[in-house]
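J.: need coordinates for the below:
(chains A and B)
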Amino acid sequence: QQQVKQSPQSLIVQKGGISIINCAYENTAFDYFPWYQQFPGKGPALLIAIRPDVSEKKEGRFTISFNKSAKQFSLHIMDSQPGDSATYFCAASRGGNKLTFGTGTQLKVEL
Amino acid sequence: KAGVTQTPRYLIKTRGQQVTLSCSPISGHRSVSWYQQTPGQGLQFLFEYFSETQRNKGNFPGRFSGRQFSNSRSEMNVSTLELGDSALYLCASSYNWGGDSYEQYFGPGTRLTVT
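T.: Sure thing, here's the model as predicted:
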C-alpha cells in the first residue's frame, strides 16, 4: 500500500521559473515530512523538512507548503537553476526514523 | 564533520551467494537505517538500529539482516542472493531514535549487482 503519493513523475521548468512538486499522504499519524534531492550516482540529500504544526517553511529558494486538513504537502523551488536538475523525493515518518518515500519526481531545468 | 560512509561502493555477486555491506554513521549519530532503492519499487525501508538493537523492520524477507556495533557502525547482510536483490543499498544516520522523528542523512550507497 503506497502511503505517500507524489506527482508529477517528471517536470521540465525554464531557468528562473518555479518548480512545484506535490505529495499526498494517507496516514494521519505521520508527523515529519522531509524532502530529499538526489543526483545520479549519489545518495539522497536532505533539503528541507516540516512538521504538521506549521503550514509553511522556507529555506533559501526552497519552500514547503503543508495542508494538514487535505493531507498534502508540496515543495516549491523558486528561481529554478540548471543545477537543480535532479530527482526529488518527498517522505513521511511517524514517531521514529522509518521514512516512507514518494515515488520521486525527475526535474529538469532548461536554459 | 565527515558524512555517512558506505563500503564497498560497488559489488557484483552471483545468485545464491551472500553479501555484507558496511556503514559508518556521522560522528555522534547513534541511529542507523538501511534502505533499498530500485527503479521499480523506489526507496524502501529495510530496518533501523539504535544502541545495537533493531528498533524497526520493513517488509523484507529474513534473508535480509543487519546488526549494529557499539561504535554505532552497522552492517547489513543478504544471504542466498536473488537477481531481484540488485539495487542501490543506502544507509542513513540520525542523531537519535524514539518518540520523535529526527533528520536523517544518507550515504552514497552500495550498488549491488546480482548475476
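
J.: what does stretch A:3-22 rub up against?
T.: A:23-27, A:35, A:72-82, A:84, A:88-92, A:100-111 (CB atoms under 8 Å, 6 or more residues apart in numbering or on different chains). To be clear about C-beta, it is placed using only N, CA and C from the backbone, and glycine gets the same treatment.

J.: ok, what's across the strand from B:Phe64?
T.: Residues in a beta bridge with B:Phe64, per DSSP bridges, are B:Val78.

J.: out of the contacts of stretch A:3-22, which end up buried?
T.: By neighbour count, with 16 or more other CB atoms under 10 Å in any protein chain shown, those hold A:23-25, A:35, A:73-77, A:80, A:84, A:88-92, A:100-105, A:107, A:109 as buried.

J.: residues from chain A in reach of chain B?
T.: A:31-32, A:34, A:36, A:41-46, A:49, A:89, A:91, A:93-104 (CB under 8 Å from any CB of the partner chain).

J.: same thing but 6 Å
T.: Neighbours of chain B within chain A, by CB under 6 Å from any CB of the partner chain: A:32, A:42-44, A:46, A:93, A:97-98, A:101, A:103.

J.: one step back: can you pick out the ones from the buried ones among the contacts of stretch A:3-22 that are in strands?
T.: Using DSSP state E, A:23-25, A:35, A:73-77, A:88-92, A:100-101, A:105, A:107, A:109 are the members of these that sit in strands.

J.: count of residues packed around B:Thr14?
T.: Residues near B:Thr14, counting by other CB atoms under 10 Å in any protein chain shown, number 8.

J.: counting neighbours, what do you get for the closest residue in space to it that isn't next to it in sequence?
T.: Leaving out its chain neighbours, the residue that sits closest to B:Thr14 by CB to CB, 6 or more residues apart in numbering or on different chains is B:Thr115, at 5.8 Å. A total of 10 residues lie near B:Thr115 under the criterion other CB under 10 Å.

J.: got a pLDDT number for B:Thr115?
T.: On the pLDDT scale, B:Thr115 is placed at 97.

J.: kindly provide the distance from it to B:Arg15.
T.: 7 Å (CB to CB, to the nearest Å).

J.: what does B:Ser101 give?
T.: Relative to B:Arg15, and taking CB to CB, B:Ser101 is found at 37 Å.

J.: ditto for A:Asn22
T.: Taking CB to CB, one finds A:Asn22 at 40 Å from B:Arg15.

J.: name the residue in those two with the higher neighbour count.
T.: A:Asn22 (16 against 11).

J.: wait, what's in contact with the nearest residue to A:Asn67 once chain neighbours are set aside?
T.: Leaving aside its sequence neighbours, A:Asn67 sits nearest to A:Phe73 (CB to CB, 6+ apart; 6.9 Å). Residues in contact with A:Phe73 (CB atoms under 6 Å, 6 or more residues apart in numbering or on different chains) are A:23, A:33, A:66.

J.: try it again at 7 Å.
T.: If a contact means CB atoms under 7 Å, 6 or more residues apart in numbering or on different chains, then A:Phe73 has A:23, A:33, A:50, A:64-67, A:90 as its contacts.

J.: where along chain B do the strands fall?
T.: Under DSSP E, chain B gives strands at B:5-7, B:10-13, B:19-24, B:31-38, B:42-50, B:53-57, B:64-68, B:74-78, B:87-94, B:105-106, B:110-114.

J.: may I see those arranged in JSON lines, with distance to A:Val13 as well?
T.: Listed next are those as JSON lines, based on distance: least, CB to CB, whole Å:
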{"stretch": "strand B:5-7", "distance to A:Val13": "32"}
{"stretch": "strand B:10-13", "distance to A:Val13": "33"}
{"stretch": "strand B:19-24", "distance to A:Val13": "35"}
{"stretch": "strand B:31-38", "distance to A:Val13": "24"}
{"stretch": "strand B:42-50", "distance to A:Val13": "22"}
{"stretch": "strand B:53-57", "distance to A:Val13": "36"}
{"stretch": "strand B:64-68", "distance to A:Val13": "38"}
{"stretch": "strand B:74-78", "distance to A:Val13": "37"}
{"stretch": "strand B:87-94", "distance to A:Val13": "26"}
{"stretch": "strand B:105-106", "distance to A:Val13": "25"}
{"stretch": "strand B:110-114", "distance to A:Val13": "29"}
